[in-house]
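Peer 1: Just the structure for this:
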Amino acid sequence: PDKTTNAMKVNAEYELRLWEGEMDVIMEQLSVTLKDTTYELILSEQRTWQRTRESQAIEVSRKHSGSALESVEYTASLAEQTRSRVYELVEEYGQELESE
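Peer 2: Residues are numbered from 1 along each chain as shown. Below is the predicted model:
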């Protein structure tokens, strides 16, 4: 079971890094293609989203409090929410992302 938990944790961490990397690319491109005021609004949305993402991940991981799965669930939740946010940004700002 420990190997399985470790593998799950490694996979969740990999997925989180992948989606955070995608988010960084999108945010960088938006910083170049959008007007400063629009980009500032997106940054503000991002800060709010990050706080919400963090509290939701904590809430999800509490179900496994004290077990080896707690950190797996926390990281997996962060990854899933980040993936969803990337798709949201692409849907909302796709035109700006394609222009570069």
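Peer 1: now the helices for the protein?
Peer 2: Assigned by DSSP state H, the helices in the chain fall at 2-33, 36-61, 69-98.
Peer 1: tell me the most buried of the ones you listed?
Peer 2: Highest mean neighbour count among the helices of the chain (mean count of other Cβ atoms under 10 Å): helix 69-98, with a mean of 17. C-betas here are computed from N, CA, C, even on glycine.
Peer 1: if we can go back for a sec, Throw the helices of the chain into a markdown table and include mean pLDDT, thanks.
Peer 2: As requested, these are exported to a markdown table (pLDDT from 0 to 100):
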| stretch | mean pLDDT |
| --- | --- |
| helix 2-33 | 93 |
| helix 36-61 | 95 |
| helix 69-98 | 94 |
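Peer 1: can you pull the contacts of the closest residue to residue 93 other than its chain neighbours?
Peer 2: Nearest residue to residue 93, sequence neighbours excluded (Cβ to Cβ, 6 or more residues apart in numbering): residue 30, at 6.0 Å. Contact analysis of residue 30 by Cβ atoms under 8 Å, 6 or more residues apart in numbering lists 39, 42, 89, 93, 96, 97.
Peer 1: Against residue 89, how distant is the last one?
Peer 2: Separation of residue 97 from residue 89 (Cβ to Cβ, to the nearest Å) stands at 8 Å.
Peer 1: Roughly how far does residue 53 sit from residue 72?
Peer 2: From residue 53 to residue 72 the distance is 17 Å (Cβ to Cβ).
Peer 1: Could you do residue 92 as well?
Peer 2: Residue 92 sits 30 Å away from residue 72, going by Cβ to Cβ.
Peer 1: Same check on residue 37?
Peer 2: Counting by Cβ to Cβ, the gap from residue 37 to residue 72 is 40 Å.
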